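Following is a predicted model, sequence given first.
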Amino acid sequence: MHPFIKSLVLSALLLCSAVAQASLYTLDFSASSFGPGVFSNTTAPQSPVSGSITFSAPTLGAPATAINAINLVIHGHTYTTAEVGFGTYSDGYVFGAIANGVGVGKAGTDDFYLILSSGLNVFSYSQVGIFDTWVTRAVNASITPQVAAAVPEPAPLPLLLAGLATLVVARRRNSSADVASAAAAATATATATATAT
């Protein structure tokens, strides 16, 4: 294929290609009706536990790719994005503290996990100083997509025309340089021939 046409085709493909991008989703949840502690039968120190987690995923239902924000305080401990991780559970999500592993609750530590799937919603937490873990299946949760601000895009046709004009100018410059070097070579050959005779 001719280099000019190849450049034109590549430019058109680049202009028309779409970039895959993760979307933002916000999970709002509230967990209540915690049962007695798993280990020492104590009453849950905080009920309900409510919060929100903003995360990135290619599409809703696809595995999360990042935690972007969290608003969660459990018995005085404010969780940060650096403390929280994510994973998948069956056909859904699991979010939780990463200190002991996402989805693994450890008594006596500031820990939590939230499992959301079509067949099971569970919230569990523990806290420093009390060797117990509280669990509930009474979890109300909703995930809503975040609307991204519109980003103005240049019109594709003017961009394509500008790219074509650039290619034409570059081609003409190369052609002019080729003609000049051919003329110089012809002059040098004629001079060499005249000198030899």
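Received the coordinates, thanks.

in this protein, which ranges drop under the pLDDT threshold?
Scanning the chain for pLDDT under 70 picks out 1-21, 148-162, 164, 167, 169-170, 173-197.

all strands for it, in order.
23-32, 49-57, 66-74, 77-78, 84-89, 92-97, 111-116, 121-127, 130-136, 138-145 (DSSP state E).

In JSON lines: the ones you listed, plus distance to Asn41 and mean neighbour count.
All C-beta spots, glycine's among them, are computed from the backbone N, C-alpha and C. Listed next are the strands of the chain as JSON lines, based on distance: least, C-beta to C-beta, whole Å; neighbours: other C-beta atoms under 10 Å:
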{"stretch": "strand 23-32", "distance to Asn41": "19", "mean neighbour count": "18"}
{"stretch": "strand 49-57", "distance to Asn41": "19", "mean neighbour count": "19"}
{"stretch": "strand 66-74", "distance to Asn41": "20", "mean neighbour count": "16"}
{"stretch": "strand 77-78", "distance to Asn41": "23", "mean neighbour count": "14"}
{"stretch": "strand 84-89", "distance to Asn41": "27", "mean neighbour count": "18"}
{"stretch": "strand 92-97", "distance to Asn41": "23", "mean neighbour count": "22"}
{"stretch": "strand 111-116", "distance to Asn41": "19", "mean neighbour count": "23"}
{"stretch": "strand 121-127", "distance to Asn41": "14", "mean neighbour count": "23"}
{"stretch": "strand 130-136", "distance to Asn41": "8", "mean neighbour count": "20"}
{"stretch": "strand 138-145", "distance to Asn41": "19", "mean neighbour count": "14"}
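
Let me have these in a markdown table, extended by distance to Arg172.
Shown next, in a markdown table, are those (distance: least, C-beta to C-beta, whole Å):
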| stretch | distance to Arg172 |
| --- | --- |
| strand 23-32 | 45 |
| strand 49-57 | 47 |
| strand 66-74 | 48 |
| strand 77-78 | 64 |
| strand 84-89 | 55 |
| strand 92-97 | 57 |
| strand 111-116 | 61 |
| strand 121-127 | 67 |
| strand 130-136 | 74 |
| strand 138-145 | 49 |
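
Among those, which comes closest to Thr42?
Thr42 sits nearest to strand 130-136 of all those, at 5.0 Å, using C-beta to C-beta.

if we can go back for a sec, so for Val168, which of the strands of the chain sits nearest?
When the strands of the chain are compared (using C-beta to C-beta), the closest one is strand 23-32, at 39.6 Å.

pretty sure Val73 is touching Tyr79, no?
Yes. Under the criterion of C-beta atoms under 8 Å, Val73 makes contact with Tyr79 at 7.4 Å.

intersection of neighbour lists for those two?
Gly51 (C-beta atoms under 8 Å, 6 or more residues apart in numbering).

For the closest residue to Thr42 other than its chain neighbours, give its distance to Thr109.
Counting by C-beta to C-beta, 6 or more residues apart in numbering, Thr42 lies nearest to Asp132, which is 5.0 Å off, once chain neighbours are set aside. Note on Asp132: its distance to Thr109, by C-beta to C-beta, to the nearest Å, is 11 Å.
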